[in-house]
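**Q** A structural model of the following input is requested.
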Amino acid sequence: MELFVQQLISGISIGAIYSLLAVGYALVYSVYNFTNWAFDAFMAFGAFMAFTAISSLFLPFWLAMIISVALTIILSVGVEKLAYSTLRRRKAPRLFMMISAMGVNLAIVNLINKAYGGTFRKFPFENFEPIFVGGVSIGRMDLIAGLISFGVLALLWVFLYRTKWGLGIRASAIDILTASLMGINNDAVAVIIFTITGVLSSVAGVFYGMKYAVYPMMGIVTIKAMIASIVGGLGSLPAAIIGSMILGILETLVSGYISSSYRDLFSFLFLIVILLFFPNGLMGKSTEEKL
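**A** Sure, this is the predicted structure:
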């Protein structure tokens with residue numbers, strides 16, 4: 001029973017990191033109806049910026065985190081302006097947007113690889129002693145990552161559902177053309193969305209790097225976030241979080257009770273089974289009800 005509780009807590013922590021990434025995917029998809037494949041490059045970039053700030057500049061974690069988030073926001077918004085904005089204005093097919101995103105992803109990842117090399121790096125932190133509650137061992141890193149990730153998601157919820165610009169984003173998700181006719185600035189919405197994307201990818205990248213390792217291809221884990229978004233219901237933010245929690249717990253239990261080598265296999269099998277019975281995901285919504 002104690003092992004199950006430990007695995008469950010670890011699964012929730014991983015699910016929280018997946019949630020940040022899945023929500024980033026869902027947010028872009030819900031408004032622009034394309035998958036931002038450059039998201040994994042943003043994640044790796046954010047992790048390396050924090051790693052450099054801590055290991056080379058010897059900055060405290062909180063300051064390194066702020067720098068990582070700020071630089072990743074600049075990268076994310078810059079990519080939107082350079083790679084997506086023109087295509088949006090010309091009403092290019094979403095396939096072209098996805099191809100552009102893939103090109104951006106390859107370019108950024110290769111630049112990171114050129115600058116840092118392909119070796120695995122660990123954040124220069126001492127091993128955190130676990131917290132013992134009864135006979136259950138709770139990893140401090142799991143606890144910190146989970147709390148901060150859920151905190152970021154809570155702030156995002158407040159922004160989307162309690163602010164004027166959040167209302168504008170939700171309106172754009174329903175019909176971006178009608179929203180623009182009602183006075184909502186599409187360019188401003190794009191900047192806000194990709195600012196949020198930068199925050200989410202940076203935080204996820206830092207905590208994933210702290211939990212495992214930092215390396216140029218670490219962003220490949222965002223495919224799990226895509227699975228979580230599809231399982232929950234692509235285009236819905238709450239569904240992305242639910243899907244991420246389920247996937248994180250499933251992977252951890254498979255790793256703990258079967259073998260970590262089967263973790264990815266079970267993730268994709270789970271996706272296939274869900275789509276067989278729920279083609280729109282567990283909480284799938286029609287395009288008129290996104291967000």
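
**Q** what sits up against stretch 98-115?
**A** 34-42, 44-45, 48, 75, 79, 83-84, 87, 216-217, 219 (C-beta atoms under 8 Å, 6 or more residues apart in numbering). In this view, the C-beta of every residue, glycine as well, is placed from N, C-alpha and C.

**Q** could you tell me which of the residues you listed count as buried?
**A** Buried by 16 or more other C-beta atoms under 10 Å: 34-42, 44-45, 48, 75, 79, 83-84, 87, 216, 219, out of these.

**Q** circling back: which ones among the contacts of stretch 98-115 are found in helices?
**A** Phe39, Asp40, Ala41, Phe42, Ala44, Phe45, Phe48, Leu75, Val79, Leu87 (DSSP state H).

**Q** for the closest residue to the second one other than its chain neighbours, give its distance to Tyr25.
**A** In other words, Asp40. Excluding the flanking residues, the one nearest Asp40 by C-beta to C-beta, 6 or more residues apart in numbering is Gly219, at 2.7 Å. Separation of Gly219 from Tyr25 (C-beta to C-beta, to the nearest Å) stands at 12 Å.

**Q** list the residues that contact both of the two?
**A** With C-beta under 8 Å, 6+ apart, Gly219 and Tyr25 have common neighbours Phe39.

**Q** before we move on, the earlier item: which pair of the ones in helices among the contacts of stretch 98-115 spans the longest distance?
**A** Put simply, by C-beta to C-beta the two of the ones in helices among the contacts of stretch 98-115 set farthest apart are Phe48 and Leu87, 27.5 Å from each other.

**Q** list the buried ones in the longest helix along the chain?
**A** With secondary structure taken from DSSP H, the chain has its longest helix at helix 2-32. Judged by neighbour count using 16+ other C-beta under 10 Å, the buried positions of helix 2-32 are 6-32.

**Q** and for stretch 51-58?
**A** Phe51, Thr52, Ala53, Ile54.

**Q** could you list the low-pLDDT ranges of the protein?
**A** Residues of the chain that meet the criterion pLDDT under 70 lie in 1-2, 126-130, 132-138, 235, 284-291.

**Q** please tell me how far Gly248 sits from Phe42.
**A** The value you get for Gly248 to Phe42, if C-beta to C-beta is used, is 20 Å.

**Q** okay, helices next: where are they in the stretch 51-200 of the chain?
**A** 61-79, 85-89, 94-116, 140-162, 164-174, 176-181, 186-211 (DSSP state H, counting those that start in this stretch).

**Q** identify whichever of the ones you listed lies nearest to Ala240.
**A** Set against Ala240 and scored by C-beta to C-beta, the helices of the stretch 51-200 of the chain come closest in helix 140-162, at 9.8 Å.
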